[in-house]
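Trainee: okay, predicted coordinates and the sequence, questions at the end:
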2 protein chains.
Amino acid sequence: MTWPRFSRRMSSLPPSFLEELFRVSQLEGIISFAGGLPDATLIDCEGIARASGQVLSEEPMVALQYSTTDGYLPLREYIAERYKSRFNIPPEPDNIQIVNGSQQCLDLVAKIFLDTGDTVAIEAPGYLGAIEAFSLYEPLFCPIKVTNEGPSIAELEKCVCEVKPKFFYGIPNSQNPSGITWSNEKRLAVAQIMEGTETVFFEDDAFGELFFDQVPRVPVKKYLPSQTVLSGSFSKIIAPGLRIGWIYAPHEIIKQFNIVKQSADLHSNFLAQKILHRYLVDNSLDEHLKKISEIYGKRCSYMCDLIDDMLPQCIHTKPEGGMFLIVNLPDSISAMDLFKKGINEGVAVLPGSPFFVNGGGDDFIRLNFSNTSFESIYEGMERLKKAFDR
Amino acid sequence: MTWPRFSRRMSSLPPSFLEELFRVSQLEGIISFAGGLPDATLIDCEGIARASGQVLSEEPMVALQYSTTDGYLPLREYIAERYKSRFNIPPEPDNIQIVNGSQQCLDLVAKIFLDTGDTVAIEAPGYLGAIEAFSLYEPLFCPIKVTNEGPSIAELEKCVCEVKPKFFYGIPNSQNPSGITWSNEKRLAVAQIMEGTETVFFEDDAFGELFFDQVPRVPVKKYLPSQTVLSGSFSKIIAPGLRIGWIYAPHEIIKQFNIVKQSADLHSNFLAQKILHRYLVDNSLDEHLKKISEIYGKRCSYMCDLIDDMLPQCIHTKPEGGMFLIVNLPDSISAMDLFKKGINEGVAVLPGSPFFVNGGGDDFIRLNFSNTSFESIYEGMERLKKAFDR
């Protein structure tokens, strides 16, 4: 007797790196470029504390009681309004479902669309948290190579026509792990290829508000409105601990989200929704974003310069926003090897392999630049150079 | 072309009542016995506001940053310690996984154990939120009749032996919807029948801290430790808006919870975990529970008396705790009919049918007594009598 009798999906999972990552980045003395954390010192703690105090003094009984599954209406209105003002795209609040950060979008989208054996198209390299979340629904993956401008249109066209994936998952803005931002031509081409097919575009936009130049890039949603499910998050721009993100989707799809969200956990933390909304009303999100984007941009430039300087054998991406870049390694160097040697030298990097669904990725590492000071970036890069030279 | 191509599970769902319930209970002028809300006026808002202020002034950057999937260690230690002191059962903090209220336990347990077509044994009537959550994993249901003492042992034995369900889901303390508390003999008998089989017992204990006499009932977990997954929640006893519950399970099972929890939403709201823990350290949970249990007990007695008085044709359960009772209707009365007539009279009740997986349930209604004042209980019962007399 094999016991406990877990579901088949539990044995079809790739080994998880997210938790291991978090563990490694907490080790004493380690400088971590491996994680995906925003810089906690840039969180407006005072503003959030003020908002929290107001919510809990003015309407605590509402904030602490059960609420509706779709989420706090004024918060959904705020999100809808921001899409209108930034892109002139017109969600109603009813098009928005509040969820527990972007990660829950990944789970719920998979739940709504995937039967065992269905195909998912995904960027290669693609976000490892998405690969893990989707894998629990036992799909087949169709990888679409990411170049410096975005996904390969030829590969996407072939995949969409031949295997008709349920959805194509992509991160047009500061893609994770590559840091690449799709060109507008790519966005239009993706929309054009997908238009009228049976495939949904799942546009993960966790980083769209973190462009270093503060210029918004038009979401694919604008070009492919009725087929796109767009997800966003306050984790990278306000505070991850609040666990608040959202899904913006057509009515017939959002209704299904409502059903699975209710089954998943009834509704997202209501106190956090109220605090966040209060914070957004009383503070300028744009000013806050300007501040953190500028700092992340400077850290990114600094890291790029140091790579050019210290690891001249390597090619790296040059992000326009977000929190990550990747460093392509020479043939002689294995990313997994470099990861291990890095830990010995006191620096954590993330090897590329967990970002691939069908093998590969040992030829690059992902580096995070958002959660490290200039001094630590320098020190960490020195350590990485030492590991590299071994 | 049928579009969007949702997964098969989305079409296998029973119609949802939870959201509809919430909607109806919010209607102007309606006295609602239909919901499952604790009384918000009994939430210790000041205590929670104080805890929140402390957390956000003392360690805001920790509370607002990402955290580990398993949950805040001191909170898990608190929960483990409480099991030790109440029942002398010995979880380590590692046996505890923090989740977003009991509802998320339902989803995650199903995710871990169920493949399409697997069997779930469930009380009949059984909790509708569980039926909805499990249904998304497309199981077969094996209903086990609930009598005044708990589930039918004969039916459970037959089910466990013949169809080997992946798990048996039950609520031994103040069962939802019936309000029945399993006798200790039933608990022992359930443990005895299940011991050594391949079936897990999923013990939902959302109400175990809400006994009117404040005497703890021994969980089945104590009698069947290695096969039981026990879930608990702070929603009914502290505040639902915080969305914090937990799973207590053997190591080999909790490891799987950790994996699916990470994929589901990385971790539960960390600010809420910190606030809750601070609140629990600085306040006496026992005193708070004594206060709310006494009030709920009085409301329950009052409602029972009024039913005896106003609806003498009906038999009802006599809860020892929790928030609900059921009223069995005479043959001539349909619960769905009474629900509709009740709304016309200004009172909302919950008809029994959503609590059954295979039909039935039109012969009783569920009434909630936790979220209504004495005056409103009286007024609501008068309205219900009017609806009944039609």
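Mentor: The structure has been received and is ready for your questions. Numbers count the residues shown, from 1 in each chain, chains lettered A, B, ... in the order given.

Trainee: close to chain B: what parts of the stretch 51-200 of chain A are there?
Mentor: The stretch 51-200 of chain A comes close to chain B at residues A:52-53, A:56-57, A:60-69, A:99-101, A:103-104, A:106-107, A:111-116, A:118, A:129, A:132-133, A:136-137, A:166, A:198, A:200, as judged by CB under 8 Å from any CB of the partner chain. Placement of C-beta: from N, CA and C, glycine included.

Trainee: helices of the stretch 51-200 of chain A, start to end?
Mentor: A:60-63, A:73-87, A:101-113, A:128-135, A:153-163, A:184-194 (DSSP state H, counting those that start in this stretch).

Trainee: sorry, slip of the keys, the one I care about is the stretch 251-390 of chain A.
Mentor: Using DSSP H, counting those that start in this stretch, helices in the stretch 251-390 of chain A cover A:251-265, A:270-282, A:285-310, A:335-345, A:374-389.

Trainee: quick one: which of those helices is nearest residue B:341?
Mentor: helix A:251-265 (27.2 Å; CB to CB).

Trainee: break chain A into its domains for me.
Mentor: A:8-44+A:286-389, A:45-282 (automatic domain parsing).

Trainee: thinking again about what came up before, can you put the helices of the stretch 251-390 of chain A in CSV and add distance to residue A:220, mean pLDDT and mean neighbour count?
Mentor: Shown next, in CSV, are the helices of the stretch 251-390 of chain A (distance: least, CB to CB, whole Å; pLDDT from 0 to 100; neighbours: other CB atoms under 10 Å in any protein chain shown):
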stretch, distance to residue A:220, mean pLDDT, mean neighbour count
helix A:251-265, 15, 95, 21
helix A:270-282, 25, 98, 23
helix A:285-310, 21, 98, 16
helix A:335-345, 30, 92, 18
helix A:374-389, 32, 97, 18
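
Trainee: reformat these as JSON lines; add distance to chain B.
Mentor: JSON lines is the format used below for the helices of the stretch 251-390 of chain A (distance: least, CB to the nearest CB, whole Å):
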{"stretch": "helix A:251-265", "distance to chain B": "4"}
{"stretch": "helix A:270-282", "distance to chain B": "4"}
{"stretch": "helix A:285-310", "distance to chain B": "13"}
{"stretch": "helix A:335-345", "distance to chain B": "19"}
{"stretch": "helix A:374-389", "distance to chain B": "16"}
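
Trainee: for residue A:136, see how far away the nearest residue to residue A:264 once chain neighbours are set aside is.
Mentor: Residue nearest to residue A:264 in three dimensions, not counting chain neighbours: residue B:107, with 5.0 Å by CB to CB, 6 or more residues apart in numbering or on different chains. Per CB to CB, to the nearest Å, residue B:107 is found 12 Å from residue A:136.

Trainee: more neighbours, the two?
Mentor: Neighbour tally, residue B:107 and residue A:136, criterion other CB atoms under 10 Å in any protein chain shown: the higher count belongs to residue B:107, 26 against 23.

Trainee: give me every residue that touches that one.
Mentor: A:263, A:264, A:265, B:133, B:136, B:264 (CB atoms under 8 Å, 6 or more residues apart in numbering or on different chains).

Trainee: same thing but at 6 Å, please
Mentor: Listed by CB atoms under 6 Å, 6 or more residues apart in numbering or on different chains, the contact set of residue B:107 reads A:263, A:264, B:133.

Trainee: per-residue pLDDT, it?
Mentor: We have a pLDDT of 98 for residue B:107.

Trainee: what about it, distance to residue B:261?
Mentor: Taking CB to CB, one finds residue B:107 at 10 Å from residue B:261.

Trainee: for residue A:328, see how far away the residue lying closest to residue A:181 once chain neighbours are set aside is.
Mentor: Distances taken as CB to CB, 6+ apart place residue A:320 nearest to residue A:181, at 4.8 Å, with adjacent residues excluded. The gap separating residue A:320 from residue A:328 is 18 Å, by CB to CB.

Trainee: circling back: so for residue A:310, which of the helices of the stretch 51-200 of chain A sits nearest?
Mentor: Closest among those, using CB to CB: helix A:128-135, at 26.3 Å.

Trainee: what lies in contact with that closest one?
Mentor: With CB under 6 Å, 6+ apart as the criterion, helix A:128-135 contacts A:13, A:17, A:103, A:106, A:107, A:110, A:120, A:169, A:354, A:355, A:357, B:263.

Trainee: OK, contacts around the residue most central in space within chain A?
Mentor: In chain A, the centroid-proximal residue (CA atoms, centre = their mean) is residue A:206; its distance is 4.7 Å. Contact partners of residue A:206, counting by CB under 6 Å, 6+ apart, are A:102, A:233, A:236.

Trainee: wait, a helix at it?
Mentor: No. Checked against DSSP: H, G, I helix; E, B strand; the rest coil, residue A:206 lies outside a helix; its state is coil.

Trainee: compare residue A:320 and residue A:328 (neighbour count), which wins?
Mentor: More crowded of residue A:320 and residue A:328, by other CB under 10 Å: residue A:320, with 19 against 15.

Trainee: chain B versus the more buried one, what's the distance?
Mentor: Distance, residue A:320 to chain B, using CB to the nearest CB, to the nearest Å: 24 Å.

Trainee: same check on residue A:159?
Mentor: Residue A:159 sits 16 Å away from chain B, going by CB to the nearest CB.

Trainee: which strand residues bridge the closest residue to that residue other than its chain neighbours?
Mentor: Nearest non-adjacent residue to residue A:159, counting by CB to CB, 6+ apart: residue A:142, 4.4 Å away. Residues in a beta bridge with residue A:142, per DSSP bridges, are residue A:121.

Trainee: ok, now how distant is residue A:142 from residue A:278?
Mentor: 43 Å.

Trainee: picking up where we left off before, format the contacts of residue B:107 as JSON lines; extra columns: distance to residue B:270.
Mentor: Formatted as JSON lines, the contacts of residue B:107 follow (distance: CB to CB, whole Å):
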{"residue": "A:263", "distance to residue B:270": "23"}
{"residue": "A:264", "distance to residue B:270": "18"}
{"residue": "B:133", "distance to residue B:270": "24"}
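
Trainee: which one of those is nearest residue A:299?
Mentor: Minimum distance to residue A:299 across the contacts of residue B:107 is 35.5 Å, recorded for residue A:264 (CB to CB).

Trainee: can you put the domains of chain A in CSV and add distance to residue B:289?
Mentor: Below are the domains of chain A laid out as CSV (distance: least, CB to CB, whole Å):
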stretch, distance to residue B:289
domain A:8-44+A:286-389, 34
domain A:45-282, 17
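
Trainee: lowest-confidence stretch among those domains?
Mentor: Lowest mean pLDDT within those: domain A:8-44+A:286-389, at a mean of 92.

Trainee: how long is that domain from one end to the other?
Mentor: Distance across domain A:8-44+A:286-389, first residue to last, is 44 Å (CA to CA, to the nearest Å).

Trainee: ditto for stretch A:315-326
Mentor: Stretch A:315-326: ends 9 Å apart by CA to CA.
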